[in-house]
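Student: my questions are about this predicted structure, shown below with the sequence.
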Amino acid sequence: MSKKIVLGYDDSEAAKSALAFAVSLAKAQGAELVIAHVLEWSPYSFLTPEEIEQRHQRREEELKRAEDALLKPVCKSLEDDGVTVVAELKYGHIAETLIDVIKKHGASHLIIGRTGHSGLSSRLFGSVAGTLAQAAPVPVTIVP
């Protein structure tokens, strides 16, 4: 069974520090690195069918932009590092979706940055890092 590490990545400074840590750990353990980026998604059940269709189209465009601007460049930058890298791009609640990625890949470890791009909302409603530290089914490393 191959060892897998999931990295929650949003291109923030903390995520870049977490990436460096995750790469060094993956090298040391001979593990595959799964770089996961989650776009927050909140479904609105009161939308009309036309609005839902438009929203779905915008969602697809956002996923494509995130793939091209964030995931492809970070994966490309790791090509010569000797680490097998897989990218996961999902829509959903960030903590819940990262837990789904962990389960899907059978990962043994989750690495995240202490703070991301969420800013004020995380101070008001609780941080993704705090939620994952409590709810993740594997050990979580929170990198400052």
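Tutor: Arrived safely, thanks for sending. Computed from a predicted structure; not experimentally measured.

Student: check the secondary structure at Leu110 for me.
Tutor: Using DSSP: H, G, I helix; E, B strand; the rest coil, the structure places Leu110 in strand.

Student: ok, now which ones touch it?
Tutor: 5-8, 98, 102, 132, 136, 138-141 (Cβ atoms under 8 Å, 6 or more residues apart in numbering). Placement of C-beta: from N, CA and C, glycine included.

Student: now intersect those with the helices, please.
Tutor: Members of the contacts of Leu110 lying in helices (criterion: DSSP state H): 98, 102, 132.

Student: what's across from the closest residue to the first one other than its chain neighbours in the sheet?
Tutor: So the one you mean is Leu98. Of all residues not flanking Leu98 in the chain, Gly8 sits nearest, at 5.1 Å (Cβ to Cβ, 6 or more residues apart in numbering). Applying DSSP bridges to Gly8 gives these bridge partners: Ala36.

Student: residues contacting Gly8?
Tutor: Counting by Cβ under 8 Å, 6+ apart, Gly8 makes contact with 15, 18, 36-38, 94, 98, 110-113, 128, 132.

Student: let's go with 6 Å and repeat that
Tutor: Gly8 makes contact with 36, 98, 112 under the criterion Cβ atoms under 6 Å, 6 or more residues apart in numbering.

Student: what's the spacing between the last one and Phe21?
Tutor: Ile112 sits at a distance of 10 Å from Phe21 (criterion: Cβ to Cβ, to the nearest Å).

Student: count of neighbours near the nearest residue to Gly82 once chain neighbours are set aside?
Tutor: Using Cβ to Cβ, 6+ apart and skipping residues adjacent in sequence, the residue nearest Gly82 is Lys27, 6.2 Å away. Using other Cβ atoms under 10 Å, Lys27 has 13 neighbouring residues.
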